[in-house]
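# Generate a structure from the sequence data that follows.
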Amino acid sequence: MSGIGKWGLGLGIGFMVVAVLSRMLDLIPVTVITGLLGLMGLGIAGYDAVYEWTARADLRRRGARAAARRNGTEGR
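Here you go, the predicted structure:
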């Protein structure tokens, strides 16, 4: 996960904790605002995690293709 993803995850979790605490205190406007910001942060972190995961899968796929070409066992 990149720095943006870690940053988004940290802020997202923090905002969600504040949203839960403000809900327990019946501060509904604060709950809504911090809940939305928390979801945005967690969404950014999730997107970044999926992006990094697909990039690593692509690297593995290219590495396997290069190894197959080197060994002469390239598939069709």
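# So for residue 70, what's the pLDDT?
With respect to pLDDT, residue 70 scores 87.
# Where does residue 50 sit: helix, strand or coil?
helix (DSSP: H, G, I helix; E, B strand; the rest coil).
# State the pLDDT value of it.
If you check residue 50, the pLDDT there is 94.
# give the contact list for it.
Under the criterion of C-beta atoms under 8 Å, 6 or more residues apart in numbering, residue 50 has no contact partners. Yep, even glycine has a C-beta here, placed from its N, CA and C like the rest.
# element containing the residue nearest to the spatial centre of the chain?
In the chain, the centroid-proximal residue (C-alpha atoms, centre = their mean) is residue 46; its distance is 2.3 Å. Assigned by DSSP states H and E, residue 46 belongs to helix 28-71.
# Which elements pack onto the helix or strand hosting residue 10?
In the assignment (DSSP H and E), residue 10 maps to helix 3-24. Packing partners of helix 3-24 (3 or more C-beta pairs under 8 Å, 6 or more residues apart in numbering; DSSP states H and E): helix 28-71.
# now the helix it packs on and helix 3-24, what's the angle there?
Relative orientation of helix 28-71 and helix 3-24, computed by axes from the mean of the first three to the mean of the last three C-alpha atoms, to 10 degrees: 150 degrees.
# Run the chain-centre distance for helix 28-71.
Between the centre of helix 28-71 and the centre of its chain there are 5 Å (C-alpha atoms, centre = their mean, to the nearest Å).
# picking that back up, show me which residues of the helix holding residue 10 are buried.
5, 8, 9, 11, 12, 15, 16, 18, 19, 22 (16 or more other C-beta atoms under 10 Å).
# which one among those residues gets closest to residue 65?
Of all these, the one with the least separation from residue 65 (C-beta to C-beta) is residue 5, at 27.7 Å.
# re earlier: need the contact list for the residue nearest to the centre of the chain.
With C-beta under 8 Å, 6+ apart, residue 46 has no contacts at all.
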